[in-house]
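K.L.:
next one to model:
(4 chains)
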There are 4 protein chains.
Amino acid sequence: METIKEGDFILIRFKDKRYLKKVEKDKNFSYKGGVLRYKDLIGKPFGIIIGDLQIFKPTLEEIILYGIKRETQIIYPKDSFFIAKKLNLSEGKKILEFGTGSGATTMVFSSCVGATGKVYTFEKEERIFKTARKNLEKFGFLYNVVMFNEEFGPLEVSKIEFDAAFVDVREPYPFVEKIHKVLKPSAPVGFLLPTANQVVELLKSLKPYFGDIEVLEILTRYYKVNPERFRPEDTMVAHTAYLLFAKKLSI
Amino acid sequence: METIKEGDFILIRFKDKRYLKKVEKDKNFSYKGGVLRYKDLIGKPFGIIIGDLQIFKPTLEEIILYGIKRETQIIYPKDSFFIAKKLNLSEGKKILEFGTGSGATTMVFSSCVGATGKVYTFEKEERIFKTARKNLEKFGFLYNVVMFNEEFGPLEVSKIEFDAAFVDVREPYPFVEKIHKVLKPSAPVGFLLPTANQVVELLKSLKPYFGDIEVLEILTRYYKVNPERFRPEDTMVAHTAYLLFAKKLSI
Amino acid sequence: METIKEGDFILIRFKDKRYLKKVEKDKNFSYKGGVLRYKDLIGKPFGIIIGDLQIFKPTLEEIILYGIKRETQIIYPKDSFFIAKKLNLSEGKKILEFGTGSGATTMVFSSCVGATGKVYTFEKEERIFKTARKNLEKFGFLYNVVMFNEEFGPLEVSKIEFDAAFVDVREPYPFVEKIHKVLKPSAPVGFLLPTANQVVELLKSLKPYFGDIEVLEILTRYYKVNPERFRPEDTMVAHTAYLLFAKKLSI
Amino acid sequence: METIKEGDFILIRFKDKRYLKKVEKDKNFSYKGGVLRYKDLIGKPFGIIIGDLQIFKPTLEEIILYGIKRETQIIYPKDSFFIAKKLNLSEGKKILEFGTGSGATTMVFSSCVGATGKVYTFEKEERIFKTARKNLEKFGFLYNVVMFNEEFGPLEVSKIEFDAAFVDVREPYPFVEKIHKVLKPSAPVGFLLPTANQVVELLKSLKPYFGDIEVLEILTRYYKVNPERFRPEDTMVAHTAYLLFAKKLSI
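P.N.:
Numbering: from 1, shown residues only, chains lettered A, B, ... in the order given. This next block holds a predicted model:
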């Protein structure tokens, strides 16, 4: 049975809060109610309860929500989990991403395409690019991710036929034709767009390159978990972004 | 460049409708407006436009929505895509599924764990089991799926430590303790529950086996894609099921 | 105790369906399962159960949903109930409405302002205007409603200071300045807009006439009423229109 | 034209915030950016802009949201506006309310039934009762509201046949039969229930007294009003309560 070792990441749940931490012998986790010495965890199984705390092995969702440094608004797992599978990602696929941001979606793509697949991701802002690289390195995702500190890299990617593409940049319209050139026939593309104005603009730009267009939003509604008083949480995230999906037409 | 061959599955988009079909030389696709002879597609690229029709290579989502035979209410991709990644599935993982149903979720799990992973799935109804097997076989998912025509198979699975489990059966409460025994420490479990009564009942059954409990619903809201009149579709799916996630506690 | 009389409107509930009918001695209501002779209802109390049928006195909501003839897409009570009170309507108020449509919203306004108030409503299409008038007459709302078969009537309304205004026309932008002139200081105005493009356009047109702007949608989610299997209905109305509210600025 | 007088209530909008205040000669409104002397407003029209501030005449919604003292969780206008009209309230109607709370819903009912109608409202907690009375008095709603500091008053109300009833108490089940006795035939009743457990319990208690049952939630989704970047607000209220409506059966 796997036990907690020095250097492991752990997810600490305390009341309604979650913290992602690294187990370092000489360090502690201080919380309202006490102090947890990390060295006391070593050799214990994940999933243990220590007083008010529950200690878990972090999932991909928790790495994204609680583990990465954010330079930009991240794409939430509710969106990126759907995007990755909607783009038909599975082991061995090659995906092109424009707008690495903090690397949150890159991680999801990486986890979908596996060791035989590859994620090519572009980020033009150097500061953001560096943060993303640190995030991806810290949690071990660089083995199948190739990062570019450019807006769009025609040379580097020109000989590859990609299985899918994803775009999260402010002005995605100029990318449409370029992406069309490097995708396999019928391959899906996804766009993340915060505003309705951007969706309207992009819808006008997709013809004649892409067909089978869909625009949607994903809403998650969480519930309080008290079985005596079962009801939704008082507030929820109302909007992250509109998602647009389309498929390459062979024109 | 990959072209359409005899025996390939194709996704035909005609106006607002989609059809998943198999390319068979001597057969046709009849629609309001004409007839498509499949033999005319052979050798052509995916993504071509033929009159009012667009011909694509089906994605996993389309196989689930338009390709499989349904014996039961299927779990929709909006839910299963989230479930699979929330359960932290990635290549090499082993997942246990109770309630194969028509196999829709099994396909998503299969596509996430890849050739080095494995999906163990149980379905007690023989008729449903057989349909699921045909669906999984037809679309090539049996290479990493092990199917059981039983409710719960303690012997077959007893020596494996699973990375995750998923339950979609009417009475999930007796599964809680059994699943706890065969999961790795801290491993996530998911439940799909159509009614609030079931959620209330299950919340009472999880203690002391599982912690870090979350209950949520996922809503997708689609938009009309006319850029001159951008607005949501008139109706939407309001409810498929409540999703409950938890993690194994080491007790 | 009030009993059912000849000429009364009744709301018949049969299984999941509702029908609004007029009690006429010689007529029947035929349904899957039998025939109800209206004359058998006369003298009976509202609220009675006759076999599979429940017989109620119609509410305003039911008159709108099941009683009026529709020439246009009606505004649903979920929206109009909110609009009427958001526009601060109560007894004695005077409201101006552009786009009578089938008269559904006019009825709600009428019911809010009462005998001492007044609804002035404009509809330029003669066919729609006539249907609205029949609807309002049939259900007794003309006592405090003044109808105009014109787009906008400067002369008729120019001497009145209105407490509120409501606009449901395809091109509301030219109405902004005109409405500003006839409203009391600080008075609220509401607009119903099916598309995001219209909202964007209107937002640009409101300055400098109106302030305190709000845009919202109202969603109603209905539940199945089986206490053993409590859960939302499978589908719901996803979109009727965006609502925009603002208040007159004294410029 | 109506102008601002000493003693008037005003609604001040400053950036995204709203404040409901009383105009008192010697007092000021201090905000980030300056001080507004109320005496400078006297004689000015409502709707004026003073620097960063917009000064409006408060609507009923604003009185509820920004004007009343809250002893309890109030019922929001999104719910109470719908409830009042769903209960078919209009001038002259008599409504019975159990659970006055802070009086927010009582105000909406009062505004619907007008001078010829009447609201009978019951609140057993003395502290809450007193706050509600102050709220209703302060904003002028006592002219058609009768308040009782009791849980249920059979004597006081026994001779009246009510047009509608509304219940917002923790344990509404014992009220069902009592309310049935004092309602007119076919009259509507509404219940506000925060939890699914309460809905399940109440659904079991309504038979054989009430029919035509509906359960629903109302969700409002607000949008940012920037026409260049039109999109929903980031967060929204996800849940206030389930609403249950039914009609009296003549049994």
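K.L.:
measure A:Tyr76 to A:Val237 for me?
P.N.:
Using CB to CB, to the nearest Å, A:Tyr76 is found at 7 Å from A:Val237. Using the backbone N, CA and C atoms, a C-beta is placed for each residue, glycine as well.
K.L.:
pLDDT score for A:Lys130?
P.N.:
pLDDT recorded at A:Lys130 is 97.
K.L.:
mind checking what helix or strand follows the longest helix seen in chain A in sequence?
P.N.:
Assignment by DSSP state H gives helix A:126-138 as the longest helix of chain A. Next along the chain after helix A:126-138, taking DSSP states H and E as the criterion, comes strand A:145-148.
K.L.:
quick one: buried residues of that following strand?
P.N.:
If you call a residue buried by 16 or more other CB atoms under 10 Å in any protein chain shown, then strand A:145-148 has these buried ones: A:145, A:147-148.
K.L.:
one more: stretch A:167-178?
P.N.:
Buried residues in stretch A:167-178, counted by 16+ other CB under 10 Å: A:167-169, A:172, A:175-176.
K.L.:
next up, the contacts around the residue in the stretch 1-150 of chain A that chain D sits nearest to.
P.N.:
Residue nearest to chain D within the stretch 1-150 of chain A: A:Gln73 (9.8 Å; CB to the nearest CB). By CB atoms under 8 Å, 6 or more residues apart in numbering or on different chains, the contact list for A:Gln73 reads A:Gly101.
K.L.:
so how far is D:Val225 from it?
P.N.:
Remark: distance between A:Gln73 and D:Val225 (CB to CB) = 20 Å.
K.L.:
ok, A:Arg13 touching A:Lys57?
P.N.:
No. With contact defined as CB atoms under 8 Å, A:Arg13 does not count as touching A:Lys57 (12.0 Å).
K.L.:
who has more neighbours out of these two?
P.N.:
With neighbours defined as other CB atoms under 10 Å in any protein chain shown, A:Arg13 and A:Lys57 compare such that A:Lys57 has more, 21 against 18.
K.L.:
which residue is nearest the middle of chain A?
P.N.:
With distances taken as CA atoms, centre = their mean, A:Thr105 lies nearest the centre of chain A, 2.5 Å away.
K.L.:
just confirm that residue is within a strand.
P.N.:
No. Assigned with DSSP: H, G, I helix; E, B strand; the rest coil, A:Thr105 falls outside any strand and is helix.
K.L.:
count of neighbours near A:Ser205?
P.N.:
15.
K.L.:
can you check A:Gly140 too?
P.N.:
For A:Gly140, the count of nearby residues is 11 (other CB under 10 Å).
K.L.:
for the longest helix of chain A, enumerate the helices and strands it packs against.
P.N.:
In terms of contacts (3 or more CB pairs under 8 Å, 6 or more residues apart in numbering or on different chains; DSSP states H and E), helix A:126-138 is packed against helix A:104-113, strand A:145-148.
K.L.:
of all the ones you listed, which lies closest to D:Phe162?
P.N.:
D:Phe162 lies closest, by CB to CB, to one member of the helices and strands packed on helix A:126-138: helix A:104-113, at 56.5 Å.
K.L.:
and the closest one, what does it pack against?
P.N.:
Applying 3+ CB pairs under 8 Å, 6+ apart, we find helix A:104-113 packed against helix A:60-62, helix A:77-86, strand A:94-98, strand A:118-122, helix A:126-138.
K.L.:
and the second one, how far from the chain's centre?
P.N.:
Going back to what we said before, that points to helix A:77-86. Offset of helix A:77-86 from its chain centre (CA atoms, centre = their mean, to the nearest Å): 8 Å.
K.L.:
does that helix reach chain D?
P.N.:
No. Under the criterion of CB under 8 Å from any CB of the partner chain, chain D is not reached by helix A:77-86; the shortest gap measures 13.7 Å.
K.L.:
so what touches that helix?
P.N.:
With contact meaning CB under 8 Å, 6+ apart, helix A:77-86 is reached by A:60-61, A:64-65, A:75, A:104-105, A:108-109, A:112, A:166, A:188, A:190, A:192, A:218, A:220, A:237, A:240-241, A:243, A:245, B:59-61, B:77-78, B:81-82, B:84-86, B:108, B:111, B:218.
K.L.:
try 6 Å this time
P.N.:
The contact list for helix A:77-86 (CB atoms under 6 Å, 6 or more residues apart in numbering or on different chains) reads A:61, A:64, A:105, A:108-109, A:112, A:190, A:218, A:220, A:240, A:245, B:81-82, B:85.
K.L.:
what about the stretch 1-150 of chain A, any weak spots by pLDDT?
P.N.:
Along the stretch 1-150 of chain A, the model assigns pLDDT under 70 to no residue.
K.L.:
swap in 80 and give it another go.
P.N.:
For the stretch 1-150 of chain A, the stretches with pLDDT under 80 are A:1.
K.L.:
where do the helices sit along the stretch 151-251 of chain A?
P.N.:
Using DSSP state H, counting those that start in this stretch, the helices of the stretch 151-251 of chain A run over residues A:154-157, A:175-182, A:196-205.
K.L.:
worst average pLDDT in those?
P.N.:
Among the helices of the stretch 151-251 of chain A, helix A:154-157 scores lowest, at a mean of 63.
K.L.:
pop the domain breakdown of chain A in here.
P.N.:
Following automatic domain parsing, chain A resolves into domains at A:9-58, A:66-248.
K.L.:
check the separation of the first and last residues in the longest one.
P.N.:
The stretch domain A:66-248 measures 35 Å between its terminal residues, going by CA to CA, to the nearest Å.
K.L.:
check stretch A:189-199 too.
P.N.:
Counting by CA to CA, the terminal residues of stretch A:189-199 are separated by 14 Å.
K.L.:
now do stretch A:203-211
P.N.:
For stretch A:203-211, the first-to-last residue distance is 10 Å (CA to CA).
K.L.:
how about it, does it reach chain B?
P.N.:
Yes. On the criterion CB under 6 Å from any CB of the partner chain, stretch A:203-211 is in touch with chain B at A:203-204, A:211.
K.L.:
contact partners of that stretch?
P.N.:
Here stretch A:203-211 makes contact (CB under 6 Å, 6+ apart) with A:173, A:176, A:180, A:246, A:249, A:251, B:54, B:225, B:227.
K.L.:
filter the residues you listed down to the ones in strands?
P.N.:
A:246, B:54 (DSSP state E).
K.L.:
only the buried subset of the contacts of stretch A:203-211, as a ChimeraX command please.
P.N.:
Here is the ChimeraX command that selects the buried residues among the contacts of stretch A:203-211 (16+ other CB under 10 Å):
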select /A:176,180,246,249 /B:54,225
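K.L.:
of the contacts of stretch A:203-211, closest to chain C?
P.N.:
Of those, the one sitting nearest to chain C (CB to the nearest CB) turns out to be B:Pro227, at 8.1 Å.
K.L.:
who touches the closest one in this structure?
P.N.:
A:200, A:203-204.
K.L.:
picking that back up, distance to B:Val35 for the helices and strands packed on helix A:126-138 - can I get that in JSON lines?
P.N.:
As requested, those are exported to JSON lines (distance: least, CB to CB, whole Å):
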{"stretch": "helix A:104-113", "distance to B:Val35": "38"}
{"stretch": "strand A:145-148", "distance to B:Val35": "46"}
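K.L.:
hang on, the earlier thing: out of the helices and strands packed on helix A:104-113, nearest to B:Thr100?
P.N.:
Among the helices and strands packed on helix A:104-113, the nearest to B:Thr100 by CB to CB is helix A:77-86 (19.2 Å).
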